[in-house]
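Q: Using only what follows, build the 3D model:
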Amino acid sequence: EITTRLVGSEMCIRDRWYIINTFKRAKNYNYFKYEWRNTMHISKNAAMQIVDEISQLVKQNINLMDETGHIIASCDKSRIGDFHYGAYKIITECLDEYYLKKDDKERGMKQGINLPLELDGEIVGVVGITGSHDEVITAGRLIKKMTEILLMERRVSYHQLMDKRVKNAFFEEWLINDGYKNFDDLRERGKSLGIDIDKPGRIIIVSIDELDEYKDNQEGQSVIAKFENNVAAFLNRNGYKAHFRNASRQIILIDDMTTEKVIEFSNELADYIYEKQKLNLNIGIAGKSDDMHEAYIQAHRAWNAAAAEHEKIICYEDMSLELLVNCIPAKIKLEYITKLFKNSSVDEVKEYMSLLKAYYKEQGSIQAVSDSLYIHKNTLQYRIGKLKELTGYDVRKPSENPALYMAYLIMQDIEMEKSETYALLHETK
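A: Numbering: from 1, shown residues only. Down below sits the predicted model:
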């Protein structure tokens with residue numbers, strides 16, 4: 001009933017099939033209505049891009065009208081938003097063309113030809129070319145075909161994007177949100193997407209090292225997008241298609257295999273990305289588990305550790321102290337940090353964490369740590385002394401170092417998760 005009411009009998013068979021199946025997979029009425037509108041609608045952005053592309057090849061002024069008869073793109077920007085009577089006539093009367101011999105100022109139209117834009121037998125808009133009949137009749141047909149080809153390309157890209165989003169939503173529900181609560185429904189939806197949730201597999205989580213440096217700027221987002229495309233190319237080359245984006249990371253589902261084979265596969269992926277983009281990766285590998293939600297949690301914990309330590313690969317099976325930190329309740333983590341750093345602000349705690357991060361990365365070498373922080377050795381020794389004065393622990397002493405290392409791991413975990421604990425820490429400080 002819903003699909004009949006929204007799709008209607010006049011929609012072309014291909015789009016009706018796409019929309020109905022999208023609805024079945026998404027199981028969301030509002031999302032379905034959104035899909036239907038966008039499949040048949042020419043966006044203003046796409047229209048303007050098409051007009052810009054074609055106007056570089058022809059001299060005539062070009063207008064592109066939507067399904068309501070309004071100009072949504074034009075070489076003459078002042079006409080955008082105007083109602084076009086000729087386009088309206090074509091759409092409502094299904095005309096093959098509408099030619100105006102002279103300007104009609106009363107109706108806001110100029111001399112020229114208007115032609116319907118058709119996709120799969122349906123009129124989705126109108127293209128208009130300004131000029132005399134001899135000037136536009138030949139070019140008009142060519143421009144109509146060019147516009148329809150560009151629209152079809154964008155529709156295909158749009159469908160691919162929507163398919164990707166539906167799959168991403170499914171993977172998130174299955175792996176991240178624990179969709180096993182309705183196992184039969186999940187299995188059926190997976191089957192419609194070509195995903196067998198009963199098939200054993202291994203999960204790995206992959207991201208660019210120092211990910212936060214890329215997430216909050218346009219240039220960094222371009223790097224991430226290219227990284228995702230390269231990951232997809234590598235996986236396709238190896239026969240894998242089950243992967244999705246989550247928080248700028250790639251969650252990858254591969255065949256069930258030994259951990260040694262998974263590590264080998266991960267190294268090949270890291271080498272491929274480095275060859276393409278000169279980027280280092282952080283990769284977390286889950287242990288073997290029949291529960292794929294639990295496997296995701298394991299991979300996430302391993303990735304957290306890899307990102308915090310700037311390691312290329314960490315396996316959940318090899319985790320020890322990091323695993324212990326992950327299991328500490330949020331309230332205890334918060335209490336440990338606030339007690340250790342007393343009345344320090346969040347920024348002050350972060351400053352000490354930067355020091356500890358460099359200290360552990362350089363294995364305690366004072367010269368290497370001062371070089372990495374771009375400070376003099378005496379300045380570093382002074383800051384280490386201030387840290388001891390604040391916390392009561394000296395990072396240089398093996399007997400006192402573990403307390404600070406535990407604080408470092410806890411803060412890494414809190415910042416990675418950006419969880420409620422992180423917010424509480426700001427409130428406390």
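Q: in the stretch 301-429 of the chain, which spans are strands?
A: Under the criterion DSSP state E, counting those that start in this stretch, the stretch 301-429 of the chain contains strands at 313-315.
Q: Could I get the full set of helices for it?
A: Assigned by DSSP state H, counting those that start in this stretch, the helices in the stretch 301-429 of the chain fall at 321-327, 330-340, 346-361, 366-373, 377-391, 401-417, 420-428.
Q: and the shortest one, C-alpha only, in PDB?
A: Once side chains and other backbone atoms are set aside, the C-alpha atoms of helix 321-327 remain, and they are given as PDB (Å, rounded to 0.1, in the frame of the first residue of the first chain):
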ATOM      1  CA  LEU A 321      47.500  -4.000  29.900                       C
ATOM      2  CA  GLU A 322      45.500  -2.100  27.200                       C
ATOM      3  CA  LEU A 323      42.700  -4.800  27.600                       C
ATOM      4  CA  LEU A 324      42.700  -4.200  31.400                       C
ATOM      5  CA  VAL A 325      42.300  -0.400  30.900                       C
ATOM      6  CA  ASN A 326      39.400  -1.000  28.500                       C
ATOM      7  CA  CYS A 327      37.600  -3.000  31.200                       C
END
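Q: What is it packed up against?
A: With contacts defined as 3 or more Cβ pairs under 8 Å, 6 or more residues apart in numbering; DSSP states H and E, helix 321-327 has these neighbours: helix 292-309, helix 401-417. (C-beta placed from N, C-alpha, C; glycine too.)
Q: which residues touch the last one?
A: Outside of helix 401-417, the residues that reach it under the criterion Cβ atoms under 8 Å, 6 or more residues apart in numbering are 304, 307-308, 321-322, 325-326, 328, 333, 336-337, 340-341, 349-350, 353, 356-357, 360, 387, 391, 393-395, 421-422, 425.
Q: swap the cut-off to 6 Å and go again
A: 304, 308, 325, 333, 340, 353, 356, 393, 395, 421, 422 (Cβ atoms under 6 Å, 6 or more residues apart in numbering).
Q: For these, please prepare TSV with the additional fields pLDDT and neighbour count.
A: Converted to TSV, those look like this (pLDDT from 0 to 100; neighbours: other Cβ atoms under 10 Å):
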residue	pLDDT	neighbour count
304	86	24
308	79	20
325	80	21
333	88	24
340	94	19
353	93	19
356	94	21
393	96	18
395	95	21
421	50	19
422	51	18
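Q: what number of residues lie near residue 88?
A: 19 (other Cβ atoms under 10 Å).
Q: Would you mind finding the most buried of the helices of the stretch 301-429 of the chain?
A: helix 401-417 (a mean of 19; mean count of other Cβ atoms under 10 Å).
Q: what angle sits between that helix and helix 377-391?
A: Per axes from the mean of the first three to the mean of the last three Cα atoms, to 10 degrees, the angle that helix 401-417 makes with helix 377-391 is 90 degrees.
Q: elements contacting the top helix by length along the chain?
A: Ranked by residue count under DSSP state H, the longest helix found in the chain is helix 133-171. Using 3 or more Cβ pairs under 6 Å, 6 or more residues apart in numbering; DSSP states H and E, the elements in contact with helix 133-171 are helix 44-55, strand 112-119, strand 122-130.
Q: Return the distance of residue 300 relative to residue 382.
A: According to Cβ to Cβ, to the nearest Å, residue 300 and residue 382 sit 38 Å apart.
Q: any idea how far the residue lying closest to residue 63 once chain neighbours are set aside is from residue 213?
A: Take residue 63 and drop its neighbours on the chain: the residue closest to it by Cβ to Cβ, 6 or more residues apart in numbering is residue 128, 4.1 Å away. Counting by Cβ to Cβ, the gap from residue 128 to residue 213 is 48 Å.
Q: Same check on residue 123?
A: Counting by Cβ to Cβ, the gap from residue 123 to residue 213 is 48 Å.
Q: Residue 401 too?
A: From residue 401 to residue 213 the distance is 28 Å (Cβ to Cβ).
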